[in-house]
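>>> Any chance you can model this:
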Amino acid sequence: MESFAASSWRLQAKKYEDVRVQFPDWPALKPKTPYGSLPVLEYKGQTYGQSQAIAFFLAREFGLAGKTNADGLRIQEVCALVEDLIVLLAKARFEKDEAKKAELQKENKEKVPTMLGYFEKHLTTNGKKGFFVGAAVTLADLAVFDITETVINEIGADSLAKFPLVTLMRKNVAAQSNVKAYLAKRKSMPF
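Take a look at the predicted model:
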């Protein structure tokens, strides 16, 4: 598996295999996963599930978990906010009833800025450097970068206009050479 390791302002790439599961293949693969769900990490002959557990393991493994327990707490706090935002967006995205879907999308246009405001506040608390912890990319920055891609796609390109530090954080993450290389070749998947 590839992840990234922070070294000051540079992320160093690690080799990994990015396996995407297509829906027709899922029924046969599902029983082979630890919990009947994705993602799955295979590491040193063991298989692990649960996205947060995998993310925090890789963050610790590759230097993206901060330097102190307080750093780790802030990173996990931000990642929990990301999970809350994912739930909001997913409810609207996957709602089948069109009337209810429209209602949820309208609610999200009101709720998402509140969530983005929480991110902006944490970035301010860290000294307006464009990072959630210290002066280097951590799991928190990567998680918010990722979910704000979805926000832009689901709600609109102007959804970050009132959040200059979130925008700066996104620029800091995207400027990492290995992130830039990954973004240029990543496989497209909806939501």
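>>> Surely E154 is within a helix?
Yes. Per DSSP: H, G, I helix; E, B strand; the rest coil, E154 lies within a helix segment.
>>> That one and L89 touch, don't they?
Yes. Using CB atoms under 8 Å, E154 is in contact with L89, at 5.6 Å. Any C-beta I mention is one placed from the backbone N, CA and C, and that applies to glycine too.
>>> Settle it for me: which of the two has more neighbours?
More neighbours surround L89 than the other of E154 and L89, with 23 against 18 (other CB atoms under 10 Å).
>>> tell me the pLDDT at that one?
L89 is assigned 93 on the pLDDT scale.
>>> swap in V179?
For V179, the pLDDT comes out at 88.
>>> Hmm, it is touching R170, no?
No. V179 is not in contact with R170 according to CB under 8 Å; the separation is 10.5 Å.
>>> what about the strands in the protein?
For the chain, applying DSSP state E gives strands covering 4-7, 10-13, 40-43, 46-49.
>>> The second one - what's its average pLDDT?
Taken as a whole, strand 10-13 has an average pLDDT of 52.
>>> again, but for the third one
Strand 40-43 shows a mean pLDDT of 91.
>>> Could you tell me which residues within the longest helix anywhere in the chain count as buried?
The longest helix of the chain (DSSP state H) is helix 98-125. Using 16 or more other CB atoms under 10 Å as the test for burial, helix 98-125 gives L104, Q105, N108, V112, P113, M115, L116, F119, E120, H122, L123.
>>> what's it packed up against?
Counting contacts by 3 or more CB pairs under 8 Å, 6 or more residues apart in numbering; DSSP states H and E, helix 98-125 packs against helix 69-94, helix 139-155, helix 164-174.
>>> Any idea how many residues pack against the residue nearest to C79 when sequence neighbours are not counted?
Leaving aside its chain neighbours, C79 sits nearest to A143 (5.0 Å; criterion: CB to CB, 6 or more residues apart in numbering). Residues contacting A143 under the criterion other CB under 10 Å number 24.
>>> Quick one: residues contacting A143.
Contacts of A143 were listed using CB atoms under 8 Å, 6 or more residues apart in numbering, and they are A55, V78, C79, V82.
>>> quick one: which of the residues you listed is most hemmed in?
V82 (24 neighbours).
>>> Just the pLDDT at that one, thanks.
97.
>>> V144 is in contact with that one, correct?
Yes. Contact criterion CB under 8 Å: V82 and V144 qualify, at 6.2 Å.
>>> picking up where we left off before, among the helices and strands packed on helix 98-125, which is nearest K129?
Closest approach to K129 among these (CB to CB): helix 164-174, 8.2 Å.
>>> what residues does that closest one touch?
116, 119-120, 123-124, 128, 130-132, 137, 141-142, 144-145, 148, 160, 179-180, 183.
>>> at 7 Å what do you get?
Residues from elsewhere that reach helix 164-174, judged by CB atoms under 7 Å, 6 or more residues apart in numbering: 116, 119-120, 123-124, 128, 130-131, 137, 141-142, 144-145, 148, 160, 179-180, 183.
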